[in-house]
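K.L.:
Predicted structure and sequence below. I'll ask about it afterward.
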Amino acid sequence: MAFIDQVSAADRQAVPDPSVSDAGMVRIPGGRFLMGSDAHYAEERPAHAVQVDPFWMDASAVTNADFASFVAATGYRTVAERPLDPAVYPGADPAMLDPGSLVFRMTEGRVDLRDISHWWQWTPGACWHAPEGPGSTILGRERHPVVQVAFEDAAAFAHWAGKALPTEAEWECAARGGLDGAEFAWGNEFAPNGRHLANTWQGPFPWRNFEADGFAGTCPVRSFPPNGYGLFEICGNVWEWTTDWWGGGHGAAAAHPCCTPQNPRGPALEGSFDPAQPAIRVPRKVVKGGSFLCAPSYCRRYRPAARHAQMVDSGMSHIGFRCVRRDAP
């Protein structure tokens, strides 16, 4: 099966399994809200009205314990645990095709922020249960979000649980918590009265983190107060997968300014490929929410409107997910 066909298969909705508990989900009322932002990064523009139907969403990101239950029940092997297909990565170093994933490594000092290879290292053996590579473990981190999961892995878990991954519009509606147009999931001030409300990076990235929020890496779910809809760590901690293919902005929304899109989906798959890497035909999905690696000096994306392109084959130290249900539990 071609790589893109595998991705399309992972996008399909599962028939809900009534044996899977819906505990831990909260009701998102949906409705009309302002999606995107004209005040931040170009890919968030233009801000535009969107309408989504009500749905249910996991109150917290899927944890290591949750994912371990899935693997124990199904024997599932993640993308990071399988050898890569050399036909998909022409010219790649054979050593880079061994099973593994990308691991964040703090640098010893200031580096050129235009070159992410300074802090991202391909690490053979890195996967969801060894997130920093061989010798690392998730023991003691059972309540932390699972990371090193590619889109296919997140979709497989969602299908097993009788759920789905959210669209970008659903995710952003939920993240706003009813605060339409607010900069953050909790209001317009990042740290009201000096109190940190998300797990982000404090200090000069990527070489010094002052840990003013109490965490150097991921934190256990429910470590920070929920937003107005009862969602914990919806911004910060880990980026979260959505089902929408990447596009460079919300430009399509501006084509029909008279209409409010209903339950919108992103652009077509073909537009999601990275033009800077034409030989690598790996499509990209939208991830949302920012992570513990987001810093004002580098990536101010711990906001509902923020978005980022992520190749569907890539797990990383700071990407996880949560699920939705579009029918009442």
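P.N.:
Great, that's in hand. Numbering: from 1, shown residues only.

K.L.:
Is residue 313 in contact with residue 281, as I believe?
P.N.:
No - contact criterion Cβ atoms under 8 Å: residue 313 and residue 281 do not qualify, at 10.7 Å. Quick note: C-beta positions are derived from backbone N, CA and C, even for glycine.

K.L.:
So for these two, which sits in the more crowded spot?
P.N.:
residue 313 (21 against 15; other Cβ atoms under 10 Å).

K.L.:
Surely residue 242 is in contact with residue 285?
P.N.:
Yes - counting by Cβ under 8 Å, residue 242 does reach residue 285; the two are 6.3 Å apart.

K.L.:
so what strands line up beside the longest strand anywhere in the chain?
P.N.:
With secondary structure taken from DSSP state E, the chain has its longest strand at strand 239-245. Strand 239-245 has its sheet partners listed here by DSSP bridges as strand 284-288 (antiparallel), strand 319-320 (parallel).

K.L.:
Just name the most buried of those.
P.N.:
strand 319-320 (a mean of 28; mean count of other Cβ atoms under 10 Å).

K.L.:
what's the angle between the helix or strand where residue 157 lies and strand 284-288?
P.N.:
Assessed by DSSP states H and E, residue 157 sits inside helix 151-160. Calculated by axes from the mean of the first three to the mean of the last three Cα atoms, to 10 degrees, helix 151-160 forms an angle of 70 degrees with strand 284-288.

K.L.:
next SSE after helix 151-160?
P.N.:
Using DSSP H and E, the next helix or strand after helix 151-160 towards the C-terminus is helix 168-176.

K.L.:
what's that next one in contact with?
P.N.:
With Cβ atoms under 8 Å, 6 or more residues apart in numbering as the test, helix 168-176 has contacts from 28, 30-31, 33, 35, 50, 52, 55, 57, 166, 182, 185, 227, 229, 231, 234-235, 240, 242-244, 261, 263-266, 286, 288-289, 304-305, 307, 324.

K.L.:
So which of those residues belong to strands?
P.N.:
Using DSSP E, the members of these that fall in strands are 28, 31, 33, 35, 50, 52, 55, 57, 240, 242-244, 286, 288, 307, 324.
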